[in-house]
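*Asks:* the following comprises the amino acid sequence and a computationally predicted model.
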Amino acid sequence: MKTSAHKLKVDVEAIALPKGRRVGMPGHAKVEAYLTTRLREIGCKPYRGRSFRLPYSVGGQDFVNLAGKIPGRNPKLPPLLIGAHYDSVIDAPCADDNAAAVAIALAVGKQVASLERDLIVAIFDAEEPPYFQTPAMGSNRFYKDQMDARGVHAAIVMDLVGHDVSMPLGEIAGLIPGVGSIVNRFQKVAECDMKLPLLHNLLFITGAESHPSLAGVLDSCEHPDALKIVPTLNRYVGDMSDHGAFRKKGVPYLFLSCGRWAHYHQTTDTPDRLNYTKMAAISDLTESLLVALDEEELPHGSKERVCDTLELEATYLRRSLGPLHPVLLKLAGVKEVLSREDMDACVEKLLSAGV
């Protein structure tokens, strides 16, 4: 494994301040200054002008995106982008949401091999409510006002990538006939968050449907043994994060996430709960994806494209679930995933179970 789990933890602990980093709060300014320094330390040059800071104002309120670039061999080509938001939703550490992804973006920027294209390391502001999916959202402002004329060749965006995939014990027990009702009699026990057996190292990837070449990119890159990858359609979960700004404009993208968990938007989302070994594997995977994307021709227009990725989704779902795949099929009421309707049923069952 190339990425240092220890270095990821150091960055997470520096970003995940005890009192958070909500827009306009002291912690936000402190983390902004830290990230500006880190962008310089990993070898970035300012993306535009002389500063990593890209300030903007909406409705009389001030915000700051941060963006650096790792220069490639041909700066005339449209660059690649790796992105994550740095603001927090509450006055709490919010380590998984989204200090973990920012730490991974910094790690990838530091260790990525020399690429043909520039790599933009974009750290967006104002992703959390009340700014989510509004004109103030940092990724929206970046795409509309701050992106240079080259555009973006392809984007990788991350959110909620620090935790083991888990479910409340009551949900797990509910999958076993006769057991769920017993466990759910004890509310505190039923609500205990537990790693999913065999599935804690899942990583969900949406966006392969945004370009016909992305399925091949996923297959061609090196997959760390510590991860089980599940490509799926973005429409199953919606624009959960900053990738939406790129999806809507037809930019090929991949969105990486471990999904929501019991500590999502809670004060309990603290650095000690994260899996830094898993994060290091995600970092290594992301680097491999960027190398593959750098070499891939990805002609695209200005509107969203949705390609058929059913075969890709079904193959990886079977591979990643392993012995639990037949269990999912039975619960979903399908014999095999042979159609989009079959996949819809499987995904609906996973979502209803809290995965």
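*Replies:* Arrived safely, thanks for sending. Bear in mind the structure is a predicted one, so any value in this text is a computation, not a measurement.

*Asks:* when you work out contacts or count neighbours from here on, use the C-alpha atoms and nothing else.
*Replies:* OK.

*Asks:* mind listing the strands for the stretch 151-300 of the chain?
*Replies:* 154-158, 166-168, 193-195, 202-206, 228-232, 253-257 (DSSP state E, counting those that start in this stretch).

*Asks:* send me the last one as PDB with only the CA atoms.
*Replies:* Going back to what we said before, that points to strand 253-257. What follows is strand 253-257, C-alpha atoms only, in PDB (Å, rounded to 0.1, in the frame of the first residue of the first chain):
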ATOM      1  CA  TYR A 253     -17.100  11.800 -13.200                       C
ATOM      2  CA  LEU A 254     -16.800   9.200 -10.500                       C
ATOM      3  CA  PHE A 255     -18.200   9.700  -7.000                       C
ATOM      4  CA  LEU A 256     -16.600   7.600  -4.200                       C
ATOM      5  CA  SER A 257     -18.500   7.000  -1.000                       C
END
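
*Asks:* tell me the gap between the longest helix along the chain and the middle of its chain.
*Replies:* In the chain, taking DSSP state H as the definition, the longest helix is helix 276-295. From the chain centre to the centre of helix 276-295 is a distance of 12 Å (Cα atoms, centre = their mean, to the nearest Å).

*Asks:* please enumerate residues in contact with that helix?
*Replies:* Residues outside helix 276-295 that contact it (Cα atoms under 8 Å, 6 or more residues apart in numbering): 1-6, 8-9, 80, 100, 104-105, 107-108, 112-113, 115-117, 154, 156, 161-164, 201, 217-218, 220-224, 226-227.

*Asks:* for PyMOL, write the select line for the buried members of the residues you listed.
*Replies:* Buried subset of these, written as a PyMOL selection, criterion 16 or more other Cα atoms under 10 Å:
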select buried, resi 3+4+5+8+9+80+100+104+105+107+108+112+115+116+117+154+156+161+162+163+164+201+217+218+221+223+224+227
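
*Asks:* from the contacts of helix 276-295, which land in helices?
*Replies:* 5-6, 8-9, 100, 104-105, 107-108, 217-218, 220.

*Asks:* and the residues you listed, which is closest to residue 254?
*Replies:* For the ones in helices among the contacts of helix 276-295, the residue nearest residue 254 by Cα to Cα is residue 218; the value is 9.7 Å.

*Asks:* could you find the closest non-adjacent residue to the closest one?
*Replies:* Among residues not flanking residue 218 along the chain, residue 289 sits closest, at 7.1 Å (Cα to Cα, 6 or more residues apart in numbering).

*Asks:* neighbours around that neighbour, how many?
*Replies:* The tally of other residues near residue 289 (other Cα atoms under 10 Å) stands at 21.

*Asks:* in the helix or strand containing residue 35, what counts as buried?
*Replies:* Assigned by DSSP states H and E, residue 35 belongs to helix 26-41. The neighbour-count check on helix 26-41 (16+ other Cα under 10 Å) flags 27-28, 31-32, 35-36, 38-39 as buried.

*Asks:* now stretch 284-300: how far from the chain's centre is it?
*Replies:* Distance of stretch 284-300 from the chain centroid (Cα atoms, centre = their mean) equals 16 Å.

*Asks:* and for stretch 144-153?
*Replies:* Counting by Cα atoms, centre = their mean, stretch 144-153 comes out at 21 Å from the chain centroid.

*Asks:* how about stretch 30-39?
*Replies:* Centroid separation for stretch 30-39 versus its chain: 20 Å, with Cα atoms, centre = their mean.

*Asks:* export it as PDB, just CAs?
*Replies:* Output of stretch 30-39 as PDB, limited to C-alpha atoms (Å, rounded to 0.1, in the frame of the first residue of the first chain):
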ATOM      1  CA  LYS A  30      -8.400  27.900  10.900                       C
ATOM      2  CA  VAL A  31      -8.900  24.900   8.700                       C
ATOM      3  CA  GLU A  32      -8.800  27.100   5.500                       C
ATOM      4  CA  ALA A  33      -5.400  28.300   6.600                       C
ATOM      5  CA  TYR A  34      -4.200  24.800   7.300                       C
ATOM      6  CA  LEU A  35      -5.300  23.500   4.000                       C
ATOM      7  CA  THR A  36      -3.700  26.400   2.200                       C
ATOM      8  CA  THR A  37      -0.400  25.400   3.700                       C
ATOM      9  CA  ARG A  38      -0.900  21.700   2.900                       C
ATOM     10  CA  LEU A  39      -1.600  22.400  -0.700                       C
END
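
*Asks:* ok, residues contacting it?
*Replies:* With Cα under 8 Å, 6+ apart, stretch 30-39 has contacts from 14-15, 21, 45, 52-53, 66, 68, 106.

*Asks:* tell me how far stretch 337-355 is from the chain's mean position?
*Replies:* 21 Å.

*Asks:* tell me the buried residues in it?
*Replies:* 337, 342-343, 345-347, 349, 354-355.

*Asks:* contacts for it next, please.
*Replies:* The list of residues contacting stretch 337-355 from outside it, by Cα under 8 Å, 6+ apart, reads 165-167, 171-172, 236, 259-260, 310, 314, 328-329, 331-334, 336.

*Asks:* for that stretch, what is the average pLDDT?
*Replies:* The average pLDDT for stretch 337-355 rounds to 90.

*Asks:* again with stretch 161-172
*Replies:* For stretch 161-172, the mean pLDDT works out to 74.

*Asks:* how about stretch 42-58?
*Replies:* For stretch 42-58, the mean pLDDT works out to 97.

*Asks:* any chance you could list what contacts that stretch?
*Replies:* Residues outside stretch 42-58 that contact it (Cα under 8 Å, 6+ apart) are 36, 39, 62-71, 106-107, 109-110, 120, 135-136, 141, 146, 148.
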